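>>> I need the structure of the sequence given here:
(chains A and B, ligands or ions: 4)
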There are 2 protein chains.
Amino acid sequence: MAEGWVTLATNETYCVGALVLANSLKRVATRGQLAILITPDVSQLMRRRLQEAFDVVEVVDVLDSQDSAHLALLARPELGITFTKIHAWKLTQFKTAVFLDADTLVVQNCDELFDKEELSAVSDPGWPDCFNSGVFVFKPSENTYNDLIGFATNKGSFDGGDQGLLNSYFSNWQYSDISKHLSFIYNMASSASYFYRPAYKEFGGNVKIVHFIGSPKPWQQNFSVAGQHQSEHLQLWWTLFFRYVQPQLSEDMEEVVCNR
Amino acid sequence: MAEGWVTLATNETYCVGALVLANSLKRVATRGQLAILITPDVSQLMRRRLQEAFDVVEVVDVLDSQDSAHLALLARPELGITFTKIHAWKLTQFKTAVFLDADTLVVQNCDELFDKEELSAVSDPGWPDCFNSGVFVFKPSENTYNDLIGFATNKGSFDGGDQGLLNSYFSNWQYSDISKHLSFIYNMASSASYFYRPAYKEFGGNVKIVHFIGSPKPWQQNFSVAGQHQSEHLQLWWTLFFRYVQPQLSEDMEEVVCNR
Ligand SMILES: O=c1ccn([C@@H]2O[C@H](COP(=O)(O)OP(=O)(O)O)[C@@H](O)[C@H]2O)c(=O)[nH]1
Ligand SMILES: O=c1ccn([C@@H]2O[C@H](COP(=O)(O)OP(=O)(O)O)[C@@H](O)[C@H]2O)c(=O)[nH]1
Ligand SMILES: [Mn+2]
Ligand SMILES: [Mn+2]
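Ligands and ions are numbered 1, 2, ... in the order given. The predicted structure follows:
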């Protein structure tokens, strides 16, 4: 059974992030398939671009669905994007999958993640007892999906988003199995190079996935083609954008990123 | 055999931090003994205050010592404070000990740490594959002490301090035993309440040790007796300072903290 990388984009801007992410995965010659969950808002033009870059483009319309998520969302409208992310568990064509936020960038091949168990993830730098939900290994399953929807409806999420929900649901992550604690190299917060520079100098060369947590996102940071970004990872993001993504975008699609 | 809390202060300012820390430990009625390592610079007046608050006050003069640290320090003068911290392993009157930075504050009894193995510690928020060396459980031992000095001399420290050294020496911490990964409640960075507020709201009530990592330190933050600090932990630090520490300080010792 197949292995897949799954991301999510509910608007045009995050779609651009997802396109750069997809190209970063191709650059490192992954063996996994590429899947993206989108919402109905995403334009037809953008969907064509996504179809060229991803093996699977799944439109997730929770409000139009026939399943438990529909009812749950009526009761808890604030969990809209969260329910969309949970939809990843429905991609049962994958035996093992890795979820990646659209603001992540793969800088080295890390197909070894497909050998990990559910739920494997990296400590959140803000509160290391929790895992960061921008990168996690999971096993798609209709049962887990329904269970997660039920859990979200009853308990909600302590941070109002998917990270709070997933940490409460997989609450044994903290204590139970160290092999499910992935190294920071699989979800390095891009700010880490500032917060603990010596560790970045020592271990930064091992980094495989960079996560542009918080703001500004790469596409919100002015880029001058001539200049060099201080961060090599931001530089790589823009290099992939200019080489593979921008040539495919129509003029008004380009406006969602702030290059000039 | 006894159990002990061990801290370190190489100057008058950190001694004030250590005095507040000692009082925070007494406030929660710990069963452990209190020990402090100081360097020869610390004034005689301050030593008397420390002797009242701590069971053990140990002057660590690495330059004057007869052991391996002396030679090592001649070769690597930049590791001065680091060698002082390592000296904690020489307190072999303790079967188990917990090292606490002088900028930590114990807010709830956590004597259960004495049941932990060497080396138990909390993830560093800046680079969670490493532990933060502001709080760690260890087993005093002359052998380990000598081994650490040798390691420091040969390999140095990737961050120039004790955290880099201890992480390289106890490098199996990351992968080997999840019971040595202490919860963030035993070394909560005081900045965490800003970085991930919902997690702080959800889990902050469980916090047992707060660590004022980086700057400003509590004693560098202007305090007005009338006003309230936004942070309850900073408030507790100043409450303990005014109640137990300030009345014992001479006027020129007071100058090291910025209260007015
Ligand atoms: O309006 C939004 C917000 C988020 N996302 C998706 O949800 C992820 C998590 O949000 P974000 O990365 O902005 O949060 P952070 O990692 O900064 O906490 C994004 O990467 C996207 O995949 C989205 O599609 N639309
Ligand atoms: O000049 C110094 C610097 C540090 N320390 C001791 O070393 C610890 C670590 O330094 P600090 O807490 O300032 O570093 P941070 O936790 O902010 O990285 C302090 O808490 C003190 O116990 C000291 O005695 N004198
Ligand atoms: Mn993200
Ligand atoms: Mn400290």
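
>>> Taking the stretch 1-150 of chain A, what residue is nearest to ligand 3?
Of all residues in the stretch 1-150 of chain A, A:Asp101 sits closest to ligand 3, at 3.5 Å by CB to the ion. The C-beta positions use only the backbone N, C-alpha and C, and glycine is treated the same way.

>>> Which pLDDT does the model give that residue?
pLDDT for A:Asp101: 97.

>>> Hmm, it is touching A:Gly134, no?
Yes. If you go by CB atoms under 8 Å, A:Asp101 and A:Gly134 touch, sitting 3.9 Å apart.

>>> Now list whatever residues contact both of the two.
Residues touching both A:Asp101 and A:Gly134 (CB atoms under 8 Å, 6 or more residues apart in numbering or on different chains): A:His211.

>>> For the residue of the stretch 1-150 of chain A closest to ligand 3, grab phi and psi.
Dihedral angles of A:Asp101 (phi, psi; degrees, to the nearest 10) stand at phi -60, psi 150.

>>> burial count for it?
24 (other CB atoms under 10 Å in any protein chain shown).

>>> which ones are touching A:Asn23?
Taking CB under 8 Å, 6+ apart, we find A:Asn23 in contact with A:Ala53, A:Leu240, A:Arg243, A:Tyr244, A:Val245.

>>> Once you drop chain neighbours, what's closest to the first one?
Residue nearest to A:Ala53 in three dimensions, not counting chain neighbours: A:Ala22, with 4.2 Å by CB to CB, 6 or more residues apart in numbering or on different chains.

>>> Next: the fourth one.
Distances taken as CB to CB, 6+ apart put A:Asn23 closest to A:Tyr244, at 4.4 Å, once the chain neighbours are dropped.

>>> does the helix or strand containing that neighbour come close to ligand 1?
Using DSSP states H and E, A:Asn23 sits within helix A:12-27. Yes. For helix A:12-27, a contact with ligand 1 is found by CB under 6 Å from any ligand atom, at A:Tyr14.

>>> That helix vs ligand 3: in contact?
No. Interface with ligand 3: helix A:12-27 contributes nothing (CB under 5 Å from the ion), its closest point being 8.9 Å away.

>>> what's the helix or strand that that helix is followed by packed up against?
Using DSSP H and E, the helix or strand that directly follows helix A:12-27 along the chain is strand A:33-38. Judged by 3 or more CB pairs under 8 Å, 6 or more residues apart in numbering or on different chains; DSSP states H and E, the packing partners of strand A:33-38 are strand A:2-9, helix A:12-27, helix A:44-53, strand A:56-59, strand A:94-100.

>>> re the thing from before, my guess is the residue nearest to A:Ala53 contacts A:Phe54, does it?
Yes. A:Ala22 is within contact range of A:Phe54, at 5.9 Å (criterion: CB under 8 Å).

>>> The two - which one has more neighbours?
A:Ala22 (27 against 23).

>>> ok, that one - contacts?
A:Ala22 neighbours (CB under 8 Å, 6+ apart): A:Thr7, A:Leu34, A:Ile36, A:Ala53, A:Phe54.

>>> Which of the residues you listed sits closest to A:Lys85?
Distance to A:Lys85, by CB to CB, is smallest for A:Thr7 among the contacts of A:Ala22, at 9.7 Å.

>>> show me what contacts the residue of the stretch 1-150 of chain A closest to ligand 3?
A:Thr7, A:Leu8, A:Gly134, A:Val135, A:His211.

>>> And those, which two are furthest apart?
Longest distance between any two of those is 13.9 Å, between A:Leu8 and A:His211; criterion CB to CB.

>>> Contact partners for whichever residue of the stretch 51-200 of chain A sits closest to ligand 2?
Across the stretch 51-200 of chain A, no residue is closer to ligand 2 than A:Tyr196, which sits at 9.7 Å (CB to the nearest ligand atom). Residues in contact with A:Tyr196, defined by CB under 8 Å, 6+ apart, are B:Asp124, B:Gly126, B:Trp127, B:Cys130, B:Asp159.

>>> and if you look at A:Leu79?
Applying CB under 8 Å, 6+ apart, one finds that A:Leu79 lies in contact with A:Ala72, A:Leu73, A:Ala152, A:Gly156, A:Ser157, A:Gly160, A:Leu165.

>>> Which one (most neighbours) among those?
Result: A:Ala152 is most packed of these (other CB under 10 Å), 26 neighbours.

>>> got a list of what the nearest residue to A:Thr82 once chain neighbours are set aside touches?
Excluding its sequence neighbours, the residue lying closest to A:Thr82 (CB to CB, 6+ apart) is A:Asp162, at 4.5 Å. Residues in contact with A:Asp162 (CB under 8 Å, 6+ apart) are A:Ile81, A:Thr82, A:Lys85, A:Ile86, A:Ser133.

>>> and A:Asp162, how far is that from A:Phe83?
Using CB to CB, to the nearest Å, one gets 9 Å for the distance from A:Asp162 to A:Phe83.

>>> and the stretch 101-250 of chain A, which residues reach chain B?
Along the stretch 101-250 of chain A, the residues adjacent to chain B under the rule CB under 8 Å from any CB of the partner chain are A:122-130, A:158-160, A:164, A:174-178, A:181, A:183-185, A:192, A:195-196, A:198-203.

>>> quick one: which of those sit in helices?
A:Gly164, A:Ala192, A:Phe195, A:Pro198, A:Ala199, A:Tyr200, A:Lys201, A:Glu202, A:Phe203 (DSSP state H).

>>> can you list the residues you listed in a markdown table and add distance to B:Glu3 and neighbour count?
What follows is these, written out as a markdown table (distance: CB to CB, whole Å; neighbours: other CB atoms under 10 Å in any protein chain shown):
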| residue | distance to B:Glu3 | neighbour count |
| --- | --- | --- |
| A:Gly164 | 37 | 22 |
| A:Ala192 | 35 | 23 |
| A:Phe195 | 33 | 16 |
| A:Pro198 | 32 | 17 |
| A:Ala199 | 31 | 23 |
| A:Tyr200 | 36 | 17 |
| A:Lys201 | 37 | 12 |
| A:Glu202 | 34 | 17 |
| A:Phe203 | 34 | 19 |
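
>>> Could you identify the most distant pair in those?
Applying CB to CB across these, the maximum distance is between A:Gly164 and A:Lys201, 33.0 Å.

>>> Quick one: neighbours of A:Pro40, just the number.
Residues within reach of A:Pro40, counting by other CB under 10 Å, total 11.
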